[in-house]
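**Student:** Coordinates for the following, if possible.
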Amino acid sequence: MLWRCAAIHWHSQLASIPCRCYTCWQCAIATVRSVCMRACMDPTAYQLASLNLWHARLSAVLLACQGQVVGCGVQSIQQQCTTAAESALVVKKLIKLGLTVVGQGSIQPCNYPTLGNNIRNPALGSRLAGGGTSGAVAAIASRRADLAVSSDYLGSLRLPAACMGLYAYVGTPNCLGAFDSKNYVSMPSNSQQDATTHQAAADGTASSSNETAGSDGTAPEMDSDTPSISRTPRSNNIESVGMAAAELPVLCRVAACLGLPGAANLRHEVTQIVVAEDMFQQCDPDMSPGVLVVKRAVLSWAGQEQAGSVQLLDFLAANTHSWKRLAATAGIADSAGSLEKQPSSVVLGALKHAAKLLYHAELADRYSAVAAAASAEELGLEVAAALQSGATTDEQQLALASSVAHETQDVLRTAVKKDVVVVMPITPSAPPRLDASSEQMQSWLDRTHAFAALTALGGCPSVVLPVGTLPDGAPLSLALFGQARTDQRLLAVADRLVPHIQVSINHTISTVLTSVTLVTV
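**Tutor:** Residues are numbered from 1 along each chain as shown. From the prediction side, this is the model:
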């Protein structure tokens, strides 16, 4: 579902936003005059004004904006795409709240969470920027926008936000609006398809997926003869809309104005914060300062009684079963270690495999026209391989992956209570250097996808928190997640943690650096 990047500004007129791409696909940023809002006519306007969000700058990626082209990150196809007839639901809500869409930014092909090595990282140019909704997040990092909105599956939004040291929130699926035709790329289609689509729309008989196919030509109209790969439910349970910002209060305020689920008032409530220790064991040593920062912050705020740790992957391994069959059929146990000796590594690999099966099949359905029209060089080898694997995945594998997703959702819904927040990694380390080997980069990306797969399959809201930097300025980030439909509460917990994190950063990192210096000497 390709959406595109918009920016919402404090001023009446916005200069062009630099796309910061090494290879520019669709990064033309239009200068648009902001619209004068009548606060006295809309009660919501007073709420926004009191929250200091009036006319804040928004960067909305892969979301259709009325009158603007909805592309897919491929320049040759971008030139053939049509303009959106109306904005996506979440964009409509934000505009109604007083935000003004003023521009567009770049995305990776098909919004796939890649390394993003064609985007300059504004936080640190020597490190990878993280792929997906890279352009909008880069606009936030360079202080050219205040809020980014995009879809996220395996880290399309969270990955670049973590690499650039920003805050990000990915909501419970559908809490920011269900996906519909306005969320999809508007691909060129022949006149017969257009005629069929317009007739179906006029009759009001098209389903949400048919509206998508008809309005943008990305997928054929579904009927009883459609292969089961297109009927397998995926995005309704897994893909979510998310937001990124340089300051966490911005995300909290927007969430409150949008009326997202969950109670933001933590007064008189006990919050238990647990660290997923076995997930952090999959990380590199340079994540240690960030983990120490969060542990100190949790103890400082919640106290010893409400802070703890959990072997989350071991718990999932013991309470779900479909992942074992998936691991066996995919040969994951052979590559990640035996089920008996390394269950956490195997279950994490199975979760990633299940998420990728569903994601790639969804991409193949959604971007079949892109795969046919674009070359492998334009798409990139990883995206082209994802589209190809999604088109050839059999029904049995998809059904097994769906079973893994449903079991993960059920277990997390039961185990993670409303008053529980789990701390987990979002990346295995700071973003790799641009001169790192391809093997190092791929290992880092694979583990990032695996971490993102847990909350994607579980349907859990998550928040990315920057927790310091390495000596060269490379950002370190972690993630919090909670029970489904506790979005505002999760953001409130993150907001309460941030001051303690800031206090803990200097103490923890200076202690680690001093120890390293003493050992070196």
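
**Student:** who does the strand or helix carrying A256 touch, helix- and strand-wise?
**Tutor:** Secondary structure assignment for A256, by DSSP states H and E: helix 248-258. Judged by 3 or more C-beta pairs under 8 Å, 6 or more residues apart in numbering; DSSP states H and E, helix 248-258 is in contact with helix 43-50, helix 89-96, strand 147-152, strand 167-170, strand 240-245, strand 462-469, helix 487-520. C-beta: built from backbone N, CA, C; applies to glycine.

**Student:** Apply 7 Å and report the result again.
**Tutor:** helix 43-50, strand 167-170, strand 240-245, helix 487-520 (3 or more C-beta pairs under 7 Å, 6 or more residues apart in numbering; DSSP states H and E).

**Student:** any idea which of the ones you listed scores lowest on pLDDT?
**Tutor:** Of all the helices and strands packed on helix 248-258, the minimum mean pLDDT falls on helix 43-50 (a mean of 31).

**Student:** quick revisit: okay, the angle between the helix holding A256 and strand 462-469?
**Tutor:** Using axes from the mean of the first three to the mean of the last three C-alpha atoms, to 10 degrees, one finds that helix 248-258 and strand 462-469 are set 170 degrees apart in direction.

**Student:** buried stuff in helix 248-258?
**Tutor:** Within helix 248-258, the residues that count as buried by 16 or more other C-beta atoms under 10 Å are L248, V250, L251, C252, R253, V254, A255, A256, C257, L258.

**Student:** can you redo those as CSV with distance to G290?
**Tutor:** CSV is the format used below for those (distance: C-beta to C-beta, whole Å):
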residue, distance to G290
L248, 16
V250, 22
L251, 20
C252, 22
R253, 26
V254, 26
A255, 24
A256, 28
C257, 31
L258, 30
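
**Student:** now the residues you listed as JSON lines including pLDDT and distance to G132?
**Tutor:** Converted to JSON lines, these look like this (pLDDT from 0 to 100; distance: C-beta to C-beta, whole Å):
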{"residue": "L248", "pLDDT": "97", "distance to G132": "20"}
{"residue": "V250", "pLDDT": "93", "distance to G132": "20"}
{"residue": "L251", "pLDDT": "96", "distance to G132": "18"}
{"residue": "C252", "pLDDT": "96", "distance to G132": "23"}
{"residue": "R253", "pLDDT": "93", "distance to G132": "24"}
{"residue": "V254", "pLDDT": "94", "distance to G132": "20"}
{"residue": "A255", "pLDDT": "95", "distance to G132": "21"}
{"residue": "A256", "pLDDT": "94", "distance to G132": "26"}
{"residue": "C257", "pLDDT": "93", "distance to G132": "25"}
{"residue": "L258", "pLDDT": "93", "distance to G132": "22"}
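
**Student:** Name the nearest of these relative to Q108.
**Tutor:** L251 (22.7 Å; C-beta to C-beta).

**Student:** measure that closest one to T82 for me?
**Tutor:** Distance, L251 to T82, using C-beta to C-beta, to the nearest Å: 32 Å.

**Student:** Strands of this structure, residue ranges please.
**Tutor:** 58-60, 147-152, 167-170, 240-245, 272-276, 307-310, 420-425, 462-469, 475-481 (DSSP state E).

**Student:** comparing those strands, which gets the lowest mean pLDDT score?
**Tutor:** strand 58-60 (a mean of 69).

**Student:** Could you list the low-pLDDT ranges of the chain?
**Tutor:** Applying pLDDT under 70 to the chain flags the ranges 1-56, 59-62, 102-104, 178-238, 334-341, 506, 508-521.

**Student:** on that earlier part again, any idea which of the strands of the chain is most buried?
**Tutor:** strand 58-60 (a mean of 32; mean count of other C-beta atoms under 10 Å).

**Student:** Could you export the strands of the chain as TSV, including distance to E86?
**Tutor:** Shown next, in TSV, are the strands of the chain (distance: least, C-beta to C-beta, whole Å):
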stretch	distance to E86
strand 58-60	14
strand 147-152	16
strand 167-170	24
strand 240-245	17
strand 272-276	41
strand 307-310	45
strand 420-425	37
strand 462-469	29
strand 475-481	33
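
**Student:** Of all the ones you listed, which one comes closest to A386?
**Tutor:** Of all the strands of the chain, it is strand 147-152 that lies closest to A386, at 15.5 Å by C-beta to C-beta.

**Student:** what packs against the closest one?
**Tutor:** Packing partners of strand 147-152 (3+ C-beta pairs under 7 Å, 6+ apart): strand 58-60, helix 134-141, strand 240-245.

**Student:** Report the backbone C-alpha coordinates of that strand in CSV.
**Tutor:** These are the backbone C-alpha positions of strand 147-152, laid out as CSV (Å, rounded to 0.1, in the frame of the first residue of the first chain):
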residue,chain,number,x,y,z
LEU,A,147,5.4,14.5,12.1
ALA,A,148,5.7,11.5,9.7
VAL,A,149,2.8,9.2,9.0
SER,A,150,3.2,5.9,7.1
SER,A,151,2.4,2.2,7.1
ASP,A,152,4.7,-0.2,8.8
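
**Student:** From V101, how far off is the nearest residue to L166 once chain neighbours are set aside?
**Tutor:** Leaving aside its sequence neighbours, L166 sits nearest to A244 (C-beta to C-beta, 6 or more residues apart in numbering; 5.3 Å). Note on A244: its distance to V101, by C-beta to C-beta, is 16 Å.

**Student:** swap in C175?
**Tutor:** Distance from C175 to V101, by C-beta to C-beta: 21 Å.

**Student:** And those two? Which one has more around it.
**Tutor:** V101 (28 against 21; other C-beta atoms under 10 Å).

**Student:** Now for L299, how many residues are close by?
**Tutor:** Neighbourhood size, L299 [other C-beta under 10 Å]: 15.

**Student:** one step back: dump the helices and strands packed on strand 147-152 into a markdown table; add distance to R158 as well.
**Tutor:** Below are the helices and strands packed on strand 147-152 laid out as a markdown table (distance: least, C-beta to C-beta, whole Å):
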| stretch | distance to R158 |
| --- | --- |
| strand 58-60 | 15 |
| helix 134-141 | 10 |
| strand 240-245 | 7 |
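
**Student:** Figure out which of the ones you listed is closest to L115.
**Tutor:** Taking C-beta to C-beta, helix 134-141 is the member of the helices and strands packed on strand 147-152 nearest to L115, at 10.1 Å.

**Student:** Show me how far that closest one is from its chain's centre.
**Tutor:** 13 Å (C-alpha atoms, centre = their mean, to the nearest Å).

**Student:** Could I have the CA atoms of that helix written out in PDB?
**Tutor:** C-alpha atoms of helix 134-141 as PDB (Å, rounded to 0.1, in the frame of the first residue of the first chain):
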ATOM      1  CA  SER A 134      13.100   7.000   4.300                       C
ATOM      2  CA  GLY A 135      12.300  10.400   2.800                       C
ATOM      3  CA  ALA A 136       9.700  11.500   5.300                       C
ATOM      4  CA  VAL A 137      11.700  10.400   8.300                       C
ATOM      5  CA  ALA A 138      14.800  12.200   6.900                       C
ATOM      6  CA  ALA A 139      12.700  15.300   6.700                       C
ATOM      7  CA  ILE A 140      11.900  14.900  10.400                       C
ATOM      8  CA  ALA A 141      15.600  14.300  11.300                       C
END
